[in-house]
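*Asks:* Here is my input; please provide its structure:
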Amino acid sequence: MFTSRDCRHNLRWYLLFRVSFDFALWGPTWVLYMTRDLGLTFTQVMLLDLFFQTGIVLLEIPTGMLADALGRRWSLRGSALAMTISLGLWAVAANYWWVFGAWAMWAVAATLMNGADAALLYESLNADGRGASFGRVLGRFASYSMLGMVAAAIIGGWLAKWGYRVPIFAHVGVLFLSVFASFRLREPPRAESVAPGTPRQIMRAMMATLRYSPRFKLLLAYAAAVQVAEIILIIYQQPLLVGMGLPVEWLGWFYAVATVVAAGGPIVVTWVSERWGLAQTLGAAAFGVAISCLALFWIPGFLVVVPLVLARFLADGVRPPTIDGMNRLVGPRGRATVLSLRGISTAAVAGPMEVLSGWWADRVPLRRVYLTCGMILPLVVGGLGWLWKRWPERTDRAGVAFQPPIVPIESLSTPDPP
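*Replies:* Numbering: from 1, shown residues only. Next up, the predicted model:
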(Lines give C-alpha, C1' and ligand atoms only; values in the text may rest on other atoms or scores of the structure.)
Protein backbone atom coordinates (compact mmCIF):
# COMPACT_ATOMS: atom_id res chain seq x y z
CA MET A 1 0.00 0.00 0.00
CA PHE A 2 1.50 3.32 -1.12
CA THR A 3 0.62 5.94 1.49
CA SER A 4 1.01 9.71 1.84
CA ARG A 5 4.11 9.03 3.88
CA ASP A 6 5.56 7.03 0.97
CA CYS A 7 4.82 9.96 -1.34
CA ARG A 8 6.67 12.40 0.90
CA HIS A 9 9.52 9.89 1.19
CA ASN A 10 9.80 9.69 -2.60
CA LEU A 11 9.68 13.45 -3.04
CA ARG A 12 12.57 13.96 -0.62
CA TRP A 13 14.81 11.29 -2.15
CA TYR A 14 13.88 12.23 -5.71
CA LEU A 15 14.93 15.82 -4.99
CA LEU A 16 18.30 14.66 -3.63
CA PHE A 17 18.69 12.41 -6.68
CA ARG A 18 18.11 15.25 -9.12
CA VAL A 19 20.14 17.89 -7.30
CA SER A 20 23.20 15.65 -7.00
CA PHE A 21 22.76 14.30 -10.55
CA ASP A 22 22.65 17.84 -11.95
CA PHE A 23 25.41 19.20 -9.67
CA ALA A 24 27.60 19.89 -12.70
CA LEU A 25 30.83 21.21 -11.22
CA TRP A 26 32.33 20.99 -14.71
CA GLY A 27 29.55 23.09 -16.26
CA PRO A 28 31.42 26.41 -16.56
CA THR A 29 34.58 24.93 -18.12
CA TRP A 30 33.81 21.67 -19.95
CA VAL A 31 34.10 23.18 -23.45
CA LEU A 32 37.49 24.60 -22.49
CA TYR A 33 38.52 21.13 -21.26
CA MET A 34 37.57 19.59 -24.60
CA THR A 35 39.22 22.26 -26.75
CA ARG A 36 42.29 23.15 -24.66
CA ASP A 37 43.25 20.02 -22.71
CA LEU A 38 42.18 17.47 -25.30
CA GLY A 39 42.84 19.69 -28.33
CA LEU A 40 39.48 19.13 -30.05
CA THR A 41 37.96 21.53 -32.56
CA PHE A 42 34.37 22.72 -32.30
CA THR A 43 33.50 20.38 -35.16
CA GLN A 44 34.96 17.39 -33.28
CA VAL A 45 33.09 18.34 -30.12
CA MET A 46 29.85 18.53 -32.06
CA LEU A 47 30.53 15.22 -33.81
CA LEU A 48 30.86 13.66 -30.37
CA ASP A 49 27.54 15.17 -29.42
CA LEU A 50 26.01 13.88 -32.67
CA PHE A 51 27.02 10.39 -31.58
CA PHE A 52 25.57 11.09 -28.13
CA GLN A 53 22.28 12.30 -29.59
CA THR A 54 22.14 9.32 -31.95
CA GLY A 55 22.57 7.03 -28.96
CA ILE A 56 19.62 8.74 -27.29
CA VAL A 57 17.45 8.23 -30.38
CA LEU A 58 18.30 4.51 -30.43
CA LEU A 59 18.03 3.89 -26.69
CA GLU A 60 15.11 6.04 -25.52
CA ILE A 61 12.30 3.62 -26.40
CA PRO A 62 14.06 0.45 -25.12
CA THR A 63 15.00 2.12 -21.85
CA GLY A 64 11.55 3.69 -21.53
CA MET A 65 9.99 0.25 -21.97
CA LEU A 66 12.39 -1.06 -19.33
CA ALA A 67 11.13 1.57 -16.89
CA ASP A 68 7.52 0.72 -17.72
CA ALA A 69 8.07 -3.03 -17.42
CA LEU A 70 10.49 -3.32 -14.47
CA GLY A 71 9.81 -0.13 -12.57
CA ARG A 72 10.82 3.51 -12.48
CA ARG A 73 13.17 3.19 -9.52
CA TRP A 74 15.26 0.47 -11.19
CA SER A 75 15.63 2.66 -14.24
CA LEU A 76 16.80 5.59 -12.10
CA ARG A 77 19.25 3.36 -10.25
CA GLY A 78 20.77 2.26 -13.54
CA SER A 79 20.94 5.88 -14.67
CA ALA A 80 22.84 7.02 -11.57
CA LEU A 81 25.34 4.15 -11.85
CA ALA A 82 25.88 4.72 -15.58
CA MET A 83 26.40 8.45 -15.08
CA THR A 84 29.02 7.80 -12.40
CA ILE A 85 30.94 5.49 -14.73
CA SER A 86 30.59 7.94 -17.63
CA LEU A 87 32.04 10.92 -15.79
CA GLY A 88 34.83 8.76 -14.40
CA LEU A 89 35.86 7.80 -17.93
CA TRP A 90 35.53 11.39 -19.11
CA ALA A 91 37.75 12.68 -16.31
CA VAL A 92 40.62 10.34 -17.19
CA ALA A 93 40.22 10.71 -20.97
CA ALA A 94 43.52 10.65 -22.84
CA ASN A 95 42.20 11.18 -26.35
CA TYR A 96 39.14 11.46 -28.56
CA TRP A 97 38.18 7.80 -28.21
CA TRP A 98 38.16 7.88 -24.42
CA VAL A 99 35.63 10.70 -24.59
CA PHE A 100 33.70 8.73 -27.19
CA GLY A 101 33.29 5.82 -24.75
CA ALA A 102 32.41 8.14 -21.87
CA TRP A 103 29.68 9.84 -23.85
CA ALA A 104 28.30 6.50 -24.99
CA MET A 105 27.78 5.59 -21.34
CA TRP A 106 26.34 9.07 -20.77
CA ALA A 107 23.70 8.38 -23.42
CA VAL A 108 22.73 5.22 -21.53
CA ALA A 109 22.43 7.22 -18.30
CA ALA A 110 20.33 9.94 -19.94
CA THR A 111 17.89 7.55 -21.59
CA LEU A 112 17.44 5.47 -18.45
CA MET A 113 16.38 8.62 -16.61
CA ASN A 114 14.33 10.39 -19.32
CA GLY A 115 10.67 9.60 -18.88
CA ALA A 116 11.22 7.43 -15.80
CA ASP A 117 11.90 10.43 -13.56
CA ALA A 118 8.75 12.29 -14.63
CA ALA A 119 6.68 9.10 -14.42
CA LEU A 120 7.87 8.33 -10.87
CA LEU A 121 7.20 11.88 -9.71
CA TYR A 122 3.73 12.02 -11.29
CA GLU A 123 2.66 8.60 -10.06
CA SER A 124 3.90 9.31 -6.53
CA LEU A 125 1.78 12.47 -6.46
CA ASN A 126 -1.16 10.79 -8.16
CA ALA A 127 -1.20 7.98 -5.58
CA ASP A 128 -1.51 10.68 -2.91
CA GLY A 129 -4.36 12.39 -4.77
CA ARG A 130 -2.17 15.26 -5.93
CA GLY A 131 -1.67 14.37 -9.60
CA ALA A 132 -3.02 17.75 -10.69
CA SER A 133 -0.11 19.48 -8.93
CA PHE A 134 2.50 17.62 -11.03
CA GLY A 135 3.40 20.63 -13.18
CA ARG A 136 3.91 22.93 -10.21
CA VAL A 137 5.97 20.36 -8.27
CA LEU A 138 8.07 19.57 -11.34
CA GLY A 139 8.75 23.28 -11.88
CA ARG A 140 9.67 23.81 -8.24
CA PHE A 141 12.02 20.83 -8.19
CA ALA A 142 13.63 22.01 -11.42
CA SER A 143 14.32 25.36 -9.74
CA TYR A 144 15.82 23.65 -6.70
CA SER A 145 18.08 21.61 -8.95
CA MET A 146 19.22 24.74 -10.75
CA LEU A 147 19.97 26.46 -7.47
CA GLY A 148 22.19 23.50 -6.64
CA MET A 149 23.94 24.16 -9.94
CA VAL A 150 24.71 27.68 -8.68
CA ALA A 151 26.89 26.33 -5.91
CA ALA A 152 28.36 23.80 -8.33
CA ALA A 153 29.28 26.57 -10.78
CA ILE A 154 31.09 28.66 -8.18
CA ILE A 155 32.94 25.67 -6.73
CA GLY A 156 33.67 24.23 -10.19
CA GLY A 157 35.10 27.48 -11.53
CA TRP A 158 37.38 27.68 -8.49
CA LEU A 159 38.45 24.03 -8.85
CA ALA A 160 39.27 24.59 -12.52
CA LYS A 161 42.27 26.68 -11.47
CA TRP A 162 43.98 23.37 -10.69
CA GLY A 163 42.96 21.87 -14.02
CA TYR A 164 39.83 21.41 -16.11
CA ARG A 165 39.63 17.73 -15.11
CA VAL A 166 39.36 18.46 -11.39
CA PRO A 167 35.67 19.56 -11.44
CA ILE A 168 34.76 16.40 -13.35
CA PHE A 169 36.45 14.19 -10.75
CA ALA A 170 34.65 16.12 -8.01
CA HIS A 171 31.25 15.52 -9.62
CA VAL A 172 31.99 11.78 -9.73
CA GLY A 173 32.14 11.91 -5.94
CA VAL A 174 28.88 13.84 -5.72
CA LEU A 175 27.15 11.29 -7.95
CA PHE A 176 27.43 8.69 -5.22
CA LEU A 177 24.65 10.68 -3.52
CA SER A 178 22.49 10.11 -6.61
CA VAL A 179 23.21 6.40 -6.47
CA PHE A 180 22.32 6.28 -2.77
CA ALA A 181 19.12 8.31 -3.25
CA SER A 182 17.99 6.13 -6.17
CA PHE A 183 18.16 3.04 -3.97
CA ARG A 184 15.97 4.75 -1.36
CA LEU A 185 13.11 5.42 -3.79
CA ARG A 186 9.93 3.36 -3.50
CA GLU A 187 8.01 2.20 -6.54
CA PRO A 188 4.65 4.04 -6.71
CA PRO A 189 1.53 2.31 -8.04
CA ARG A 190 0.93 2.90 -11.72
CA ALA A 191 -1.28 5.87 -12.47
CA GLU A 192 -4.98 5.11 -12.54
CA SER A 193 -4.29 1.61 -11.14
CA VAL A 194 -3.12 0.22 -14.46
CA ALA A 195 -0.83 -2.79 -14.18
CA PRO A 196 2.53 -2.79 -15.98
CA GLY A 197 2.04 -3.71 -19.62
CA THR A 198 3.90 -6.05 -21.92
CA PRO A 199 6.33 -4.54 -24.46
CA ARG A 200 3.66 -4.99 -27.13
CA GLN A 201 1.04 -3.16 -25.05
CA ILE A 202 3.47 -0.36 -24.28
CA MET A 203 4.30 0.08 -27.96
CA ARG A 204 0.60 0.14 -28.84
CA ALA A 205 -0.01 2.82 -26.21
CA MET A 206 2.84 4.90 -27.62
CA MET A 207 1.60 4.56 -31.20
CA ALA A 208 -1.94 5.44 -30.12
CA THR A 209 -0.72 8.68 -28.57
CA LEU A 210 1.22 9.60 -31.70
CA ARG A 211 -1.69 8.71 -33.97
CA TYR A 212 -4.57 10.34 -32.11
CA SER A 213 -2.89 13.29 -30.40
CA PRO A 214 -1.47 15.76 -32.95
CA ARG A 215 -0.77 18.29 -30.22
CA PHE A 216 1.52 15.82 -28.48
CA LYS A 217 3.58 15.73 -31.67
CA LEU A 218 3.62 19.52 -31.84
CA LEU A 219 4.89 19.67 -28.26
CA LEU A 220 7.64 17.22 -29.22
CA ALA A 221 8.72 19.47 -32.07
CA TYR A 222 8.55 22.57 -29.89
CA ALA A 223 10.67 21.01 -27.15
CA ALA A 224 13.29 20.01 -29.71
CA ALA A 225 13.50 23.46 -31.29
CA VAL A 226 13.87 25.39 -28.04
CA GLN A 227 16.23 22.93 -26.37
CA VAL A 228 18.55 22.84 -29.39
CA ALA A 229 18.71 26.64 -29.33
CA GLU A 230 19.57 26.51 -25.62
CA ILE A 231 22.28 23.88 -26.18
CA ILE A 232 23.95 26.05 -28.83
CA LEU A 233 23.76 29.10 -26.54
CA ILE A 234 25.38 27.28 -23.63
CA ILE A 235 28.11 25.50 -25.59
CA TYR A 236 29.50 28.62 -27.23
CA GLN A 237 29.13 31.03 -24.30
CA GLN A 238 32.34 29.76 -22.66
CA PRO A 239 34.73 30.39 -25.59
CA LEU A 240 32.85 33.62 -26.39
CA LEU A 241 33.35 35.09 -22.91
CA VAL A 242 36.93 33.84 -22.51
CA GLY A 243 37.75 35.20 -25.96
CA MET A 244 36.49 38.59 -24.82
CA GLY A 245 38.96 38.53 -21.91
CA LEU A 246 36.93 37.08 -19.02
CA PRO A 247 39.26 35.15 -16.63
CA VAL A 248 38.54 31.42 -16.43
CA GLU A 249 37.86 31.55 -12.68
CA TRP A 250 35.13 34.13 -13.34
CA LEU A 251 33.24 31.75 -15.58
CA GLY A 252 31.98 29.96 -12.51
CA TRP A 253 30.57 33.18 -11.07
CA PHE A 254 28.89 34.08 -14.36
CA TYR A 255 27.46 30.57 -14.62
CA ALA A 256 26.22 30.85 -11.03
CA VAL A 257 24.51 34.21 -11.56
CA ALA A 258 22.93 32.99 -14.81
CA THR A 259 21.66 29.87 -13.04
CA VAL A 260 20.22 31.87 -10.13
CA VAL A 261 18.18 33.90 -12.58
CA ALA A 262 17.26 30.88 -14.70
CA ALA A 263 16.15 28.96 -11.58
CA GLY A 264 13.13 31.24 -11.40
CA GLY A 265 12.17 30.33 -14.96
CA PRO A 266 10.36 27.03 -14.27
CA ILE A 267 8.30 28.56 -11.47
CA VAL A 268 7.46 31.78 -13.30
CA VAL A 269 6.69 30.21 -16.68
CA THR A 270 4.57 27.47 -15.06
CA TRP A 271 2.61 30.13 -13.15
CA VAL A 272 2.08 32.15 -16.33
CA SER A 273 1.02 29.11 -18.37
CA GLU A 274 -1.65 28.19 -15.80
CA ARG A 275 -3.19 31.63 -16.18
CA TRP A 276 -2.48 32.61 -19.77
CA GLY A 277 -2.59 29.24 -21.46
CA LEU A 278 0.11 26.78 -22.46
CA ALA A 279 0.24 27.56 -26.18
CA GLN A 280 0.48 31.32 -25.71
CA THR A 281 3.11 31.02 -22.99
CA LEU A 282 5.33 28.61 -24.91
CA GLY A 283 5.11 30.74 -28.05
CA ALA A 284 6.06 33.95 -26.26
CA ALA A 285 8.97 32.25 -24.48
CA ALA A 286 10.36 30.82 -27.70
CA PHE A 287 10.28 34.20 -29.41
CA GLY A 288 12.01 35.65 -26.36
CA VAL A 289 14.82 33.11 -26.83
CA ALA A 290 15.06 34.09 -30.50
CA ILE A 291 15.31 37.80 -29.63
CA SER A 292 18.07 36.96 -27.13
CA CYS A 293 20.01 35.15 -29.86
CA LEU A 294 19.73 38.18 -32.16
CA ALA A 295 20.82 40.48 -29.33
CA LEU A 296 23.96 38.37 -28.87
CA PHE A 297 24.94 39.35 -32.40
CA TRP A 298 24.34 43.09 -31.96
CA ILE A 299 25.12 43.94 -28.32
CA PRO A 300 28.75 44.99 -27.76
CA GLY A 301 31.16 43.94 -25.00
CA PHE A 302 30.21 42.15 -21.81
CA LEU A 303 26.61 43.35 -22.11
CA VAL A 304 26.12 40.05 -23.94
CA VAL A 305 25.62 38.47 -20.53
CA VAL A 306 22.11 40.00 -20.42
CA PRO A 307 20.68 38.10 -23.41
CA LEU A 308 22.60 34.96 -22.36
CA VAL A 309 20.88 35.01 -18.97
CA LEU A 310 17.47 35.89 -20.43
CA ALA A 311 17.65 33.04 -22.93
CA ARG A 312 18.43 30.55 -20.19
CA PHE A 313 15.58 31.87 -18.03
CA LEU A 314 13.07 31.31 -20.83
CA ALA A 315 14.47 28.07 -22.25
CA ASP A 316 14.73 26.39 -18.84
CA GLY A 317 11.38 27.83 -17.85
CA VAL A 318 9.38 26.21 -20.66
CA ARG A 319 10.62 22.69 -19.89
CA PRO A 320 8.25 21.80 -16.98
CA PRO A 321 5.10 23.21 -18.67
CA THR A 322 5.99 21.33 -21.86
CA ILE A 323 6.41 18.05 -19.97
CA ASP A 324 3.19 18.69 -18.05
CA GLY A 325 1.36 19.36 -21.31
CA MET A 326 2.65 16.08 -22.73
CA ASN A 327 1.72 14.23 -19.55
CA ARG A 328 -1.89 15.39 -19.91
CA LEU A 329 -2.01 13.75 -23.33
CA VAL A 330 -0.47 10.42 -22.26
CA GLY A 331 -2.44 7.37 -21.19
CA PRO A 332 -1.61 5.50 -17.97
CA ARG A 333 0.11 2.59 -19.69
CA GLY A 334 3.57 3.16 -21.09
CA ARG A 335 3.90 6.64 -19.57
CA ALA A 336 7.69 6.49 -19.22
CA THR A 337 8.12 5.23 -22.78
CA VAL A 338 5.85 7.86 -24.32
CA LEU A 339 7.40 10.72 -22.34
CA SER A 340 10.84 9.54 -23.43
CA LEU A 341 9.86 10.51 -26.99
CA ARG A 342 10.73 14.06 -25.97
CA GLY A 343 14.36 12.99 -25.68
CA ILE A 344 14.22 11.28 -29.07
CA SER A 345 12.77 14.32 -30.85
CA THR A 346 15.32 16.65 -29.27
CA ALA A 347 18.24 14.35 -30.03
CA ALA A 348 17.14 13.81 -33.62
CA VAL A 349 17.25 17.56 -34.23
CA ALA A 350 20.16 18.42 -31.94
CA GLY A 351 22.70 16.05 -33.48
CA PRO A 352 22.70 17.40 -37.06
CA MET A 353 22.18 21.03 -35.98
CA GLU A 354 25.08 20.93 -33.53
CA VAL A 355 27.46 19.50 -36.13
CA LEU A 356 26.43 22.23 -38.57
CA SER A 357 26.88 24.88 -35.89
CA GLY A 358 30.32 23.46 -34.99
CA TRP A 359 31.41 23.55 -38.62
CA TRP A 360 30.10 27.14 -38.85
CA ALA A 361 31.75 28.19 -35.55
CA ASP A 362 35.16 26.96 -36.76
CA ARG A 363 34.91 29.35 -39.73
CA VAL A 364 33.11 32.48 -38.56
CA PRO A 365 32.91 34.60 -35.38
CA LEU A 366 30.73 32.95 -32.73
CA ARG A 367 28.25 35.80 -32.79
CA ARG A 368 27.18 34.79 -36.29
CA VAL A 369 26.19 31.38 -34.96
CA TYR A 370 23.81 33.11 -32.56
CA LEU A 371 22.49 35.27 -35.41
CA THR A 372 21.64 32.18 -37.46
CA CYS A 373 19.92 30.56 -34.49
CA GLY A 374 17.90 33.71 -33.82
CA MET A 375 16.70 33.84 -37.41
CA ILE A 376 15.68 30.18 -37.70
CA LEU A 377 13.88 29.67 -34.35
CA PRO A 378 10.97 32.12 -34.97
CA LEU A 379 10.23 30.46 -38.31
CA VAL A 380 10.03 27.02 -36.70
CA VAL A 381 7.98 28.11 -33.69
CA GLY A 382 5.70 30.30 -35.78
CA GLY A 383 4.93 27.32 -38.02
CA LEU A 384 4.19 25.13 -34.99
CA GLY A 385 1.88 27.81 -33.59
CA TRP A 386 -0.06 27.96 -36.84
CA LEU A 387 -0.42 24.16 -36.85
CA TRP A 388 -1.54 24.25 -33.20
CA LYS A 389 -4.57 26.33 -34.19
CA ARG A 390 -5.25 24.49 -37.41
CA TRP A 391 -4.72 20.98 -36.04
CA PRO A 392 -7.06 20.37 -33.06
CA GLU A 393 -7.24 17.14 -31.11
CA ARG A 394 -8.82 14.31 -33.04
CA THR A 395 -12.43 13.47 -32.08
CA ASP A 396 -14.47 10.29 -32.34
CA ARG A 397 -17.82 9.92 -34.10
CA ALA A 398 -19.62 11.42 -31.13
CA GLY A 399 -17.42 14.51 -31.32
CA VAL A 400 -15.53 13.66 -28.14
CA ALA A 401 -11.82 14.51 -28.17
CA PHE A 402 -9.36 11.63 -27.95
CA GLN A 403 -8.21 11.08 -24.41
CA PRO A 404 -6.30 8.43 -22.51
CA PRO A 405 -8.36 6.10 -20.32
CA ILE A 406 -9.68 7.75 -17.16
CA VAL A 407 -7.46 10.87 -17.38
CA PRO A 408 -9.38 13.69 -19.11
CA ILE A 409 -7.58 15.99 -21.49
CA GLU A 410 -8.13 19.65 -20.85
CA SER A 411 -7.57 22.23 -23.54
CA LEU A 412 -3.91 23.10 -23.80
CA SER A 413 -4.44 26.35 -25.67
CA THR A 414 -6.45 28.01 -22.90
CA PRO A 415 -5.94 28.05 -19.12
CA ASP A 416 -9.32 26.49 -18.39
CA PRO A 417 -11.02 23.37 -19.82
CA PRO A 418 -13.69 24.11 -22.40
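*Asks:* Where does the prediction get shaky in the stretch 201-350 of the chain?
*Replies:* When residues are selected by pLDDT under 70, those of the stretch 201-350 of the chain lie in 248-249, 331-334.
*Asks:* My guess is Ala170 contacts Ala24. True?
*Replies:* No. With contact defined as Cβ atoms under 8 Å, Ala170 does not count as touching Ala24 (10.4 Å). For the C-beta atoms, the positions are set from N, CA and C on the backbone; glycine is no exception.
*Asks:* what do those two both touch?
*Replies:* Gly156 (Cβ atoms under 8 Å, 6 or more residues apart in numbering).
*Asks:* For Ala142, give me its contacts.
*Replies:* Residues near Ala142 by Cβ under 8 Å, 6+ apart: 266, 316, 319-320.
*Asks:* Spell out the residue ranges of the helices in the stretch 1-150 of the chain.
*Replies:* If DSSP state H, counting those that start in this stretch is used as the criterion, the helices of the stretch 1-150 of the chain fall at 4-21, 30-32, 42-70, 72-91, 96-113, 116-127, 134-159.
*Asks:* and the first one, what other elements does it pack with?
*Replies:* Packing contacts for helix 4-21, counted by 3 or more Cβ pairs under 8 Å, 6 or more residues apart in numbering; DSSP states H and E, involve helix 72-91, helix 116-127, helix 134-159, helix 166-182.
*Asks:* So which bits of that helix are buried?
*Replies:* By neighbour count on 16 or more other Cβ atoms under 10 Å, the buried set for helix 4-21 is 6-7, 9-10, 13-21.
*Asks:* any chance of those residues in JSON lines, plus distance to Val304 and pLDDT?
*Replies:* Formatted as JSON lines, those follow (distance: Cβ to Cβ, whole Å; pLDDT from 0 to 100):
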{"residue": "Asp6", "distance to Val304": "47", "pLDDT": "89"}
{"residue": "Cys7", "distance to Val304": "44", "pLDDT": "90"}
{"residue": "His9", "distance to Val304": "44", "pLDDT": "93"}
{"residue": "Asn10", "distance to Val304": "41", "pLDDT": "93"}
{"residue": "Trp13", "distance to Val304": "39", "pLDDT": "95"}
{"residue": "Tyr14", "distance to Val304": "36", "pLDDT": "95"}
{"residue": "Leu15", "distance to Val304": "33", "pLDDT": "94"}
{"residue": "Leu16", "distance to Val304": "35", "pLDDT": "95"}
{"residue": "Phe17", "distance to Val304": "34", "pLDDT": "96"}
{"residue": "Arg18", "distance to Val304": "30", "pLDDT": "93"}
{"residue": "Val19", "distance to Val304": "29", "pLDDT": "94"}
{"residue": "Ser20", "distance to Val304": "31", "pLDDT": "95"}
{"residue": "Phe21", "distance to Val304": "30", "pLDDT": "95"}
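*Asks:* for those, which one is nearest Pro378?
*Replies:* The shortest separation between Pro378 and any of the buried residues of helix 4-21 is 31.8 Å, and it belongs to Arg18 (by Cβ to Cβ).
*Asks:* my guess is that closest one contacts Phe141, does it?
*Replies:* Yes. Arg18 is in contact with Phe141 according to Cβ under 8 Å; the separation is 6.3 Å.
*Asks:* picking up where we left off before, distance to Leu218 and secondary structure for the contacts of Ala142 - can I get that in a markdown table?
*Replies:* Written out in a markdown table, the entries for the contacts of Ala142 read as follows (distance: Cβ to Cβ, whole Å; DSSP: H, G, I helix; E, B strand; the rest coil):
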| residue | distance to Leu218 | secondary structure |
| --- | --- | --- |
| Pro266 | 21 | helix |
| Asp316 | 20 | helix |
| Arg319 | 16 | helix |
| Pro320 | 17 | helix |
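*Asks:* May I ask which two of these are separated the most?
*Replies:* Longest distance between any two of the contacts of Ala142 is 8.9 Å, between Asp316 and Pro320; criterion Cβ to Cβ.
*Asks:* Looking at the contacts of Ala142, which one is closest to Leu32?
*Replies:* Minimum separation from Leu32 among the contacts of Ala142 (Cβ to Cβ) is found for Asp316, which lies at 22.3 Å.
*Asks:* and the closest one, how many neighbours does it have?
*Replies:* Per other Cβ atoms under 10 Å, the neighbour tally for Asp316 reads 25.
*Asks:* follow-up on the earlier one: intersection of neighbour lists for Asp316 and Pro320?
*Replies:* Counting by Cβ under 8 Å, 6+ apart, the residues touching both Asp316 and Pro320 are 142, 266.
*Asks:* Report the distance from stretch 166-174 to the chain centre.
*Replies:* For stretch 166-174, the distance from its own C-alpha centre to the chain's C-alpha centre is 21 Å (Cα atoms, centre = their mean, to the nearest Å).
*Asks:* Show me what that stretch is in contact with.
*Replies:* So stretch 166-174 is in contact with 20, 23-26, 29-30, 33, 84, 87-88, 90-91, 152, 155-156, 159-160, going by Cβ under 8 Å, 6+ apart.
*Asks:* Distance-wise, check Thr209 relative to Ala110.
*Replies:* Per Cβ to Cβ, to the nearest Å, Thr209 is found 22 Å from Ala110.
*Asks:* Any stretches of the stretch 51-200 of the chain with poor pLDDT?
*Replies:* In the predicted model, the stretch 51-200 of the chain carries pLDDT under 70 at residues 191-198.
*Asks:* With that, I have no additional questions.
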